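Novice: Sequence plus the predicted model coming up.
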Amino acid sequence: MSNPFEDENGRYLVLANAEGQHSLWPVSVEVPGGWDVVHGEDGRQGCLAFVNATWTDMRPRGLPVP
């Protein structure tokens, strides 16, 4: 069985947590608690494009600004 998190032809969601961190998530795997769907079912490349366009600051929201 292949890893559903690395399937180039798989269907994914984009999740975000309270800190604004994003994750590609296979539609076949239950969304974990503390994460919300911010981009609905799409191909891997579509989800990556969404992440690249919207998650521009990789720092967690709770991190103090220097």
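Specialist: Everything's here; your move.
Novice: and whichever helix or strand residue 51 is part of, what other elements does it pack with?
Specialist: Secondary structure from DSSP states H and E places residue 51 in helix 44-54. Helix 44-54 is packed against strand 11-17, strand 22-26, strand 35-43, with contacts defined by 3 or more CB pairs under 8 Å, 6 or more residues apart in numbering; DSSP states H and E. Backbone N, C-alpha and C define where each C-beta goes, glycine included.
Novice: Quick check: which ranges of this protein have low pLDDT?
Specialist: Applying pLDDT under 70 to the chain flags residues 1.
Novice: State the distance from the residue nearest in space to the middle of the chain to residue 14.
Specialist: In the chain, the residue lying closest to the centroid (CA atoms, centre = their mean) is residue 23, at 2.4 Å. From residue 23 over to residue 14 the distance is 7 Å, taken as CB to CB, to the nearest Å.
Novice: Give the buried residues for the helix holding residue 51.
Specialist: Within helix 44-54, the residues scored as buried using 16 or more other CB atoms under 10 Å are 44, 47, 50, 51.
Novice: most packed of the helices and strands packed on helix 44-54?
Specialist: Most buried of these by mean neighbour count (mean count of other CB atoms under 10 Å) is strand 11-17; its value is a mean of 20.
Novice: That strand pairs with which strands, and in what direction?
Specialist: In the sheet, strand 11-17 lines up against strand 22-26 (antiparallel), strand 35-43 (antiparallel) (DSSP bridges).
Novice: contacting residues around the last one?
Specialist: By CB atoms under 8 Å, 6 or more residues apart in numbering, the surrounding residues in contact with strand 35-43 are 9-17, 22-23, 25, 27, 31, 47, 50-51, 54.
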